[in-house]
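Chemist: Next come a sequence and a model predicted from it.
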Amino acid sequence: MRIIGTGSAHPALTVTNQMLEKFLDTSDDWIRTRTGISQRQLISDEKLEDLAVNAAKRALENSGISAGDLDFIICSNVVNEYITPALSCIIQGRIGATCPCIDLNGACAGFIYSLDIAESYFSSKKDIKHILVVCAEEPTRMVDWSDRSTCVLFGDGAGAVVLGRGDNVKSIRLTTTSKQESLYQQRKLEHTPFITKEEADGPLVMKGHDVFKLAVSSSLRDIEGVIADGNITKHDVDHYLLHQANIRIIDTIRESLDQCSEKFPNNIEKYGNTSSASIPILLDEMNKGSKLKKGDKIVLSAFGAGFTTGACLLYW
Ligand code: UT7
């Protein structure tokens, strides 16, 4: 397959580090130096589905195909206002598509998981011509806004790609290592007269140091893996587009690979961590900013709760 269009959408509200200083025991200096984040866009009066639909429409417009040409929609999402139906079903109706849809929760690595499923669809179903992948996330609704160790990290947003037939995806590697305690959020379901067990409910719980270490080691393993599978070297790669979780994680991976910073574009300063939307948003910025040339070798790499990780080597 190949990417034939990209799109993204952000909420209107900008929340700067200085705005957080007003109600949290934090500082612009701490947040910038420890994470690289200066501001984030937060959902206020929008719905996540509005962002998802806008990102999808922009990706379709960029691809030149119409919603009626889509054969499948995958939406990568962790939480939204609907438990059911799937967000992809809502997107389908609002963009005017008629194809089957599914949601996927691969946490922050959801974009890479979606690409792998899309690639399998293209290989196994010969009548499939176009697939839309939309990553739409509102992690700011998962965190406790009095917990400075988590709430400063996240932003909301949506990124989308339209995929067509081609031979541009050279290799993908996915891994999952069951590890709930490092990063999780539990919610209570509706009560029934028969429930006797203890149930928990609460905001996102994160062991930052654990996630940092897992992120670096797993991303390096996945990146080296897709590069080897694609029969190229790390120096041949033109752009490394990594999950935008912390600039220090990105820098540590870059230094281990001994590459220059120009090869590691980032936008975490503006948006914070938008979960699985972070890579397609960055990809859209690079595409619309004419930073990608035909044939450029791109490595995508992400990690998230699960612990899920994945990387992909593609040629633009
Ligand atoms: O998509 C996956 C999501 N998660 C991640 O990718 C998270 C990965 N981990 C990280 O990015 C980093 O571990 C954090 C940014 C979460 C934390 O950075 P750190 O350099 O590991 O800081 P720390 O947890 O070691 O905390 C250092 C100090 C602590 O104070 P004491 O104990 O030294 O007095 C924290 O209480 O910084 C304090 N602290 C803060 N101070 C000001 C924690 N959060 C803040 C804050 N403002 N927002």
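Modeler: Yep, that arrived.

Chemist: sec struct for the residue nearest to residue 278 when sequence neighbours are not counted, please.
Modeler: In this structure, residue 278 finds its nearest non-sequential neighbour in residue 244, 4.0 Å apart by C-beta to C-beta, 6 or more residues apart in numbering. For glycine as for every other residue, the C-beta is placed from the backbone atoms N, C-alpha and C. Per DSSP: H, G, I helix; E, B strand; the rest coil, the local secondary structure of residue 244 is coil.

Chemist: Equivalent analysis for residue 128, please.
Modeler: Going by three-state DSSP: residue 128 is coil.

Chemist: show me the contacts for it.
Modeler: Residues in contact with residue 128 (C-beta atoms under 8 Å, 6 or more residues apart in numbering) are 71-72, 121-122.

Chemist: okay, those in JSON lines with distance to residue 41, neighbour count and pLDDT next?
Modeler: Output for those, formatted as JSON lines (distance: C-beta to C-beta, whole Å; neighbours: other C-beta atoms under 10 Å; pLDDT from 0 to 100):
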{"residue": "71", "distance to residue 41": "31", "neighbour count": "18", "pLDDT": "98"}
{"residue": "72", "distance to residue 41": "29", "neighbour count": "22", "pLDDT": "98"}
{"residue": "121", "distance to residue 41": "32", "neighbour count": "16", "pLDDT": "97"}
{"residue": "122", "distance to residue 41": "33", "neighbour count": "21", "pLDDT": "97"}
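
Chemist: Among those, which ones are in strands?
Modeler: Those of the contacts of residue 128 mapping onto strands are residue 72, per DSSP state E.

Chemist: So what's the residue count around residue 68?
Modeler: 11 (other C-beta atoms under 10 Å).

Chemist: distance of it from residue 130?
Modeler: 10 Å (C-beta to C-beta, to the nearest Å).

Chemist: same question, residue 161
Modeler: For residue 161 relative to residue 130 (C-beta to C-beta), the value is 11 Å.

Chemist: who's more crowded, those two?
Modeler: A count of neighbours by other C-beta under 10 Å puts residue 161 above the other of residue 161 and residue 130, at 31 against 26.

Chemist: Measure how far the helix or strand that one falls within is from the centre of its chain, please.
Modeler: Applying DSSP states H and E as the criterion places residue 161 in strand 157-164. Relative to its parent chain, strand 157-164 has a centroid offset of 10 Å by C-alpha atoms, centre = their mean, to the nearest Å.

Chemist: Then stretch 100-108?
Modeler: Taking the mean of its C-alpha atoms, stretch 100-108 sits 11 Å from the chain's own mean (C-alpha atoms, centre = their mean).

Chemist: Also stretch 10-18?
Modeler: On C-alpha atoms, centre = their mean, the centre of stretch 10-18 falls 19 Å from that of its chain.

Chemist: Output that stretch as CSV, nothing but the C-alphas.
Modeler: The C-alpha trace of stretch 10-18 is given here as CSV (Å, rounded to 0.1, in the frame of the first residue of the first chain):
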residue,chain,number,x,y,z
HIS,A,10,-6.9,20.3,16.4
PRO,A,11,-9.2,21.7,19.0
ALA,A,12,-9.4,25.6,19.1
LEU,A,13,-8.3,26.1,22.7
THR,A,14,-4.5,26.6,23.3
VAL,A,15,-3.4,25.9,26.8
THR,A,16,0.1,27.2,27.5
ASN,A,17,2.4,26.1,30.3
GLN,A,18,1.9,29.5,31.9
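
Chemist: circling back: after the strand holding residue 161, which helix or strand is next? Please name it.
Modeler: Later in the chain than strand 157-164, the nearest helix or strand by DSSP H and E is strand 169-176.

Chemist: Which residues does that next one contact?
Modeler: 1-2, 109, 112-113, 115-116, 119, 218, 221-222, 225-226, 229-230, 306-315.

Chemist: what about 7 Å?
Modeler: Residues outside strand 169-176 that contact it (C-beta atoms under 7 Å, 6 or more residues apart in numbering) are 1, 112-113, 115-116, 119, 218, 222, 225-226, 229-230, 306, 308-315.

Chemist: Just the ones of these in strands?
Modeler: Checking the contacts of strand 169-176 against DSSP E, those in strands are 308-315.

Chemist: in this structure, which spans are helices?
Modeler: Per DSSP state H, the chain carries helices over the ranges 17-21, 28-35, 48-63, 87-95, 110-124, 148-151, 208-229, 247-257, 268-271, 278-288.

Chemist: Would you reformat the ones you listed as TSV and include distance to residue 202?
Modeler: Converted to TSV, the helices of the chain look like this (distance: least, C-beta to C-beta, whole Å):
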stretch	distance to residue 202
helix 17-21	21
helix 28-35	23
helix 48-63	21
helix 87-95	23
helix 110-124	22
helix 148-151	12
helix 208-229	17
helix 247-257	25
helix 268-271	25
helix 278-288	24
